[in-house]
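Chemist: Need the 3D shape of this:
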Amino acid sequence: MLKTLRDAFRIEDIRKRLIFTLWMLVVIRVGSQIPTPGVNSSLIQSFFEQNSSELFNFFDAFTGGSFAKMSVLALSITPYITASIIIQLLTIAIPKLEEMQKEGAEGRKKLIAITRYVNIILSLIESVAMAIAFGRQGYLTNYDFVTCAIIVVTLTAGSAFLMWVGEQITESGVGNGISIVLMINILSRMPSDFVTLYEKFIQPKFESKTYASAGLAILVIAAVIIVTIVFVVLLQDAERRITVQYSKKLQGRRMVGGQSTYIPLKVNTGGVIPIIFAQSIMEFPVLIATFMGKGTDSYIMKMLSSNNWINPKHMEYSVGLVIYMLLVVFFAYFYTSITFNPMEIADNMKKSGGFIPGIRPGKPTVDYLNRILNYVIFMGAVGLIIVQLIPYFFNGVFGASVSFGGTSIIIIVGVVLETVKQIESQMLVRNYRGFLND
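Modeler: Take a look at the predicted model:
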């Protein structure tokens, strides 16, 4: 990866794209430090410290700490991500959107425009809800219409600005802009998380002069992080390849075709979407109760909160973990079912004269693809659960609560791998152009 970046900086066009991307990321981090007018930042911060939960940490990691500080970029790009998921789901239910999806580049432009409007609507709804909730809790300088209106406009404009920055990075920088923005937000929280781990597990051992224990703690923390990252890399790159053979055809006086290719089925077909859906469903009631000032001490609320899972003193709350794992498996199957259509693939193969060796075209091919897909999805869901269990285990047993969990690592690894691949493809295209010009 370092070699790829070093080679990329030697190419003027790619170097300009990389520098542009870096400048946009600097702008984002500066914007994350600007407080929202009308909000008492110190009271908001103390509120989040007292009402810490997995969903708060998860959302704050996605916003790069802007949410806890209630900066002008507090909503970050989460409304845009939600809007994208909603539009993707609606393409299955609304024929008009499905037609747009099949229209190619023009159709994708229309869907992106619709996603922008949905992003603004969601940003308005979220900012209004936050202004009212914080106003009732006494976290605003003045709880009146003008102050709330300023907060709503500021937060909505901040979300729209980040959406624009993401699109500019996609167009003039490197990688997918929205993914890059999300990754830099998550990375910005990691230094403080490492400080937390140091203060909790390493500093006390140094103070008591048990240096061997301190060294062991450092090794354990480093080993857990490295093993998790390696596992995520393997999970992201793993795929099941289904061989497809194309029959020969007579064109003119010669036979063409007959080549062999494959259909790549990624093991982690749904990415982090199943985890996001499952976490949102589990933590949403806790989040609403916290904002409304209601009690969260009931068994159901404690069972839903991941902070109480795998706690040796209160294992009864780990029932929520079982529900969470079932939700991850369910959403893995659900999301893949709406993004991968075996029947459509089988029809396209049949029209192109392709077939899977040993499987007859038509319904037998569809049944075969479904059978393989179900197996692959299950393996991917199990992999996601394992990645998520690691931070839950250390949080429950040792109290190691940090913002970067399995979801964050999956996102970071996925974005880095995709960005590096895009840089390599741009370098490859440039080399081909240079060869043709010569």
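Chemist: what about the nearest residue to Thr243 once chain neighbours are set aside, which SS state?
Modeler: Leaving aside its sequence neighbours, Thr243 sits nearest to Tyr262 (CB to CB, 6 or more residues apart in numbering; 5.2 Å). Any C-beta I mention is one placed from the backbone N, CA and C, and that applies to glycine too. For Tyr262, the assignment made with DSSP: H, G, I helix; E, B strand; the rest coil gives strand.
Chemist: ok, Tyr262 - how many residues close by?
Modeler: The tally of other residues near Tyr262 (other CB atoms under 10 Å) stands at 13.
Chemist: Next one, pLDDT for it please.
Modeler: Tyr262 carries a pLDDT value of 84.
Chemist: my read: it touches Arg240, true?
Modeler: No. Applying CB atoms under 8 Å as the test, Tyr262 and Arg240 come out as separate, 9.4 Å apart.
Chemist: returning to what we had before: quick one: residues contacting the residue nearest to Thr243.
Modeler: Neighbouring residues of Tyr262 by CB atoms under 8 Å, 6 or more residues apart in numbering: Arg241, Ile242, Thr243, Val244.
Chemist: Return the distance of the one helix or strand the second one maps to from the chain's centre.
Modeler: In this structure, Ile242 is located in strand 239-246 according to DSSP states H and E. With CA atoms, centre = their mean, to the nearest Å as the basis, strand 239-246 stands 28 Å off its chain's centre.
Chemist: buried stuff in it?
Modeler: Residues of strand 239-246 classed as buried by neighbour count (16 or more other CB atoms under 10 Å): Arg240, Ile242, Val244, Gln245, Tyr246.
Chemist: ok, the closest residue to Gly383 other than its chain neighbours to Ala278 distance?
Modeler: Nearest non-adjacent residue to Gly383, counting by CB to CB, 6+ apart: Leu235, 4.5 Å away. Computed as CB to CB, to the nearest Å, the Leu235 to Ala278 distance reads 17 Å.
Chemist: Likewise for Ile34?
Modeler: Distance of Ile34 to Ala278, computed by CB to CB: 33 Å.
Chemist: Over to Arg29?
Modeler: For Arg29, the distance to Ala278 - CB to CB - is 30 Å.
Chemist: Of those two, give the one with the bigger neighbour count.
Modeler: Ala278 (23 against 15).
Chemist: For Lys313, the count of nearby residues, please.
Modeler: 8.
Chemist: Checking it next. Helix, strand or coil?
Modeler: What three-state DSSP gives for Lys313 is coil.
Chemist: All the strands of this protein, in order from the start?
Modeler: Using DSSP state E, the strands of the chain run over 239-246, 248-251, 254-257, 260-266, 354-355.
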